[in-house]
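[1] after the sequence you'll find the predicted model.
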Amino acid sequence: MPALTPLGDSALLVKFGDEIDPDLNRRVQALAVLLGSAPLDGVGESLPAYASLLVHYDPLRLEYAEVAEWVGGFLDQAEAAAARPAGQIEVPVHYGGQSGPDLEAVAAYHKISSAEVVRLHTSRTYTVYMMGFTPGFPYLGTLDPRLVTPRLETPRTLVPAGTVAIAGQQTGIYPLASPGGWRLLGRTPLPLFDLSSEQPFLFAPGDEVRFVPLEGADGA
Amino acid sequence: MALEVLEAEGLVSVQDPGRLGWGRFGVPRSGPMDAFALRAANALVRNPPQSAVLEIGMGEALLRATQDCVLAVTGAGYRVALSIWDFPLWGTLFVRAGQRLRLIKTEGGNWAYLALAGGIQVTPVLGSRATYLRGNFGGLEGRRLQAGDQLESGKSAYATEQLLGRSLPPEVRPAYSQEAVIAVIPGPQIDCFTKRSWRTFLDSSFSVSPESDRMGYRLAGPPIRQRGSADLLSEGMPPGAVQVPANGQPIVMMADCPTSGGYPKIACVASADLPVLAQCQPGSGQVRFRETTVAAAQARYRELVHGLEDGIVEAENNAYYAR
């Protein structure tokens, strides 16, 4: 069973495990859905991550033990419940060139060709395990083991919006221009975060994602 | 009521208590650095607690009333000059149309909150009026304020004379200090640190680094060592979380805290003390930590907030202000 611990005086952390694992993450997402469907007065939002769920609550209205009891009541159901049906999203990507300045370095690191990096990166269906960092940033996993690459030692101060990148076992897409330490493979023209849209976020936790290579001036 | 910004040299932005409900998409809460001072500013002018106010930080601002205004300024590290008079913070003020109000930076804090009776009206984004500067949304066009900006309030449910002469005495405010003692609850990754590191964390004085901002306060002090390199999966993170990267220098997450993080969290700052830490000045403020429990931290936080609700005093004769 997952472990419940306080994180400060106004949040409770439900920890399901220590690895990136689709089954663990499905339980995280299921618990988030269950908590959202039966709100307790004084409980704020819940933040799903790879293998944990952070539950915010208002310490003016609730004590830790009350929140723990409420969350505890859903753990069995979360085990049993399947998360909502996942959306499937195809993400077109210009690999390499200015769009993906680290493509060749990643290929060299693994002693394979750039084309092989692209082939491996587009060969899998990834799960949106969690969202975080900046609005709309999907943490996708897991990479083919032949692509697992450490983060940059010194992060870039500016990564353009739409950049597709990898770090460790993860791949992700920067929705906004921001600093970043991941290895940049390419860029997608899809907006990940658009406040003028009724659905401001392209992804939701639990979605499935495939990358599709785009040919073009910058293409691989 | 309405104000025009004549000068805004600091980090001046519209904030409300914060943007909740979008964290699972990675949207930070934003909102005030000093949540108590925002709550107090709204309470002084009898605004609903969700109302938007002006946050003035790390610099000065000059405002001109374009209509008669009732407002309150709270926080630390500022004083208020209205034509030839100086006013202390934590009280309500009447500003006649045409008068200029200057927020003057002093020692002893970083952030001031100006609440207009009726609340500042800007279009909510994702359910909140708080500005998220890094994301360029919320508040006024998602940016810090600049000369020429116009701010208007909604309609207050109260008459001017019901709002004037109200103030919050010092004994019910947080104990702001530049040698602050901050209560912390041990964090979920405390086992990533040696017992000796935990003692070092509690027994040392840290200075607030100049590289601090609305996202996080970086602390400088003796290094807090980990037991080896813990490869932690990114997980949800609230404001107040104290992350320790491999260099051993703690970072306390503040209002624009990302929703998730991957460094081990040695501790989390008690809600009652987060405003005190927010007001410690980068470059000169000193911080020490003391251990507390969840229950004790919650009790102190309730006492602080209830003290605010019950602690506002009203001058017996406020005819001067209202004339």
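    Received it, and whenever you're ready, just let me know what you need. Since the structure is predicted, the reported quantities are computational estimates derived from the model, not experimental observations.
[2] now the helix or strand encompassing residue A:171: average pLDDT?
    In this assignment (DSSP states H and E), residue A:171 forms part of strand A:170-173. Per-region confidence: strand A:170-173 scores 96 on mean pLDDT.
[3] packing partners of it?
    strand A:138-141, strand A:163-167 (3 or more C-beta pairs under 8 Å, 6 or more residues apart in numbering or on different chains; DSSP states H and E). Quick note: C-beta positions are derived from backbone N, CA and C, even for glycine.
[4] most tightly surrounded among these?
    Across these, averaging neighbours per residue (mean count of other C-beta atoms under 10 Å in any protein chain shown) puts strand A:138-141 on top, at a mean of 26.
[5] do that one and chain B meet?
    Yes - remark: strand A:138-141 sits within contact range of chain B at residue A:139, by C-beta under 8 Å from any C-beta of the partner chain.
[6] strands paired with that strand, and their directions?
    strand A:126-131 (antiparallel), strand A:170-173 (antiparallel) (DSSP bridges).
[7] just those strands: most buried one?
    Comparing these by mean count of other C-beta under 10 Å gives strand A:126-131 as most buried, with a mean of 27.
[8] then that strand to CSV, C-alphas only?
    C-alpha atoms of strand A:126-131 as CSV (Å, rounded to 0.1, in the frame of the first residue of the first chain):
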residue,chain,number,x,y,z
TYR,A,126,4.9,7.4,-24.3
THR,A,127,2.7,8.1,-21.3
VAL,A,128,2.2,11.5,-19.8
TYR,A,129,3.3,10.5,-16.3
MET,A,130,3.0,14.0,-14.9
MET,A,131,2.9,17.6,-15.8
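[9] any idea how far residue A:69 lies from chain B?
    Note on residue A:69: its distance to chain B, by C-beta to the nearest C-beta, to the nearest Å, is 14 Å.
[10] helices or strands up against the one helix or strand that residue maps to?
    For residue A:69, the host element (DSSP H and E) is helix A:64-72. In terms of contacts (3+ C-beta pairs under 8 Å, 6+ apart), helix A:64-72 is packed against strand A:3-6, strand A:11-15, strand A:52-57, helix B:294-311.
[11] what do you get if the cut-off is 7 Å, keeping everything else the same?
    strand A:3-6, strand A:11-15, strand A:52-57 (3 or more C-beta pairs under 7 Å, 6 or more residues apart in numbering or on different chains; DSSP states H and E).
[12] indicate which one of those strands is closest to residue B:195.
    For the helices and strands packed on helix A:64-72, proximity to residue B:195 was assessed by C-beta to C-beta; strand A:3-6 is nearest, at 18.8 Å.
[13] mind checking the helices and strands packed on strand A:170-173 for the one nearest to residue A:174?
    Proximity to residue A:174 (C-beta to C-beta) singles out strand A:163-167 among the helices and strands packed on strand A:170-173, at 4.6 Å.
[14] give the pairing partners of the closest one; include direction for each.
    strand A:170-173 (antiparallel), strand A:183-187 (antiparallel).
[15] what lies in contact with the longest one?
    Residues from elsewhere that reach strand A:183-187, judged by C-beta atoms under 7 Å, 6 or more residues apart in numbering or on different chains: A:93-96, A:99-103, A:106, A:117, A:121, A:149, A:152, A:159-160, A:162-167.
[16] may I see the buried residues of the very next helix or strand once past that strand?
    Note on strand A:183-187: by DSSP H and E, the next helix or strand toward the C-terminus is strand A:208-213. By neighbour count on 16 or more other C-beta atoms under 10 Å in any protein chain shown, the buried set for strand A:208-213 is A:209, A:211, A:213.
[17] residue B:263: which of the residues you listed is nearest?
    Nearest member of those to residue B:263, counting by C-beta to C-beta, is residue A:209, at 26.2 Å.
[18] re earlier: turn the helices and strands packed on strand A:170-173 into a markdown table, including mean pLDDT.
    A markdown table is the format used below for these (pLDDT from 0 to 100):
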| stretch | mean pLDDT |
| --- | --- |
| strand A:138-141 | 95 |
| strand A:163-167 | 96 |
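[19] output the lowest mean pLDDT helix or strand found in chain A.
    helix A:75-80 (a mean of 82; mean pLDDT, DSSP states H and E).
[20] my guess is residue A:108 is in a strand, correct?
    No - membership of residue A:108 in a strand is not supported by DSSP: H, G, I helix; E, B strand; the rest coil, which gives helix.
[21] pull the contacting residues for the residue in chain B that chain A sits nearest to.
    Relative to chain A, the nearest point of chain B is residue B:236 (2.7 Å; C-beta to the nearest C-beta). By C-beta under 7 Å, 6+ apart, residue B:236 lies in contact with A:47, A:49, A:52, A:54, B:259, B:260.
[22] other SSEs contacting the lengthiest helix in chain A?
    Longest helix in chain A by number of residues (criterion: DSSP state H): helix A:22-37. If contacts are counted by 3+ C-beta pairs under 7 Å, 6+ apart, helix A:22-37 sits against strand A:43-48, strand A:52-57, helix A:75-80, strand A:126-131.
[23] perfect, I'm done here.
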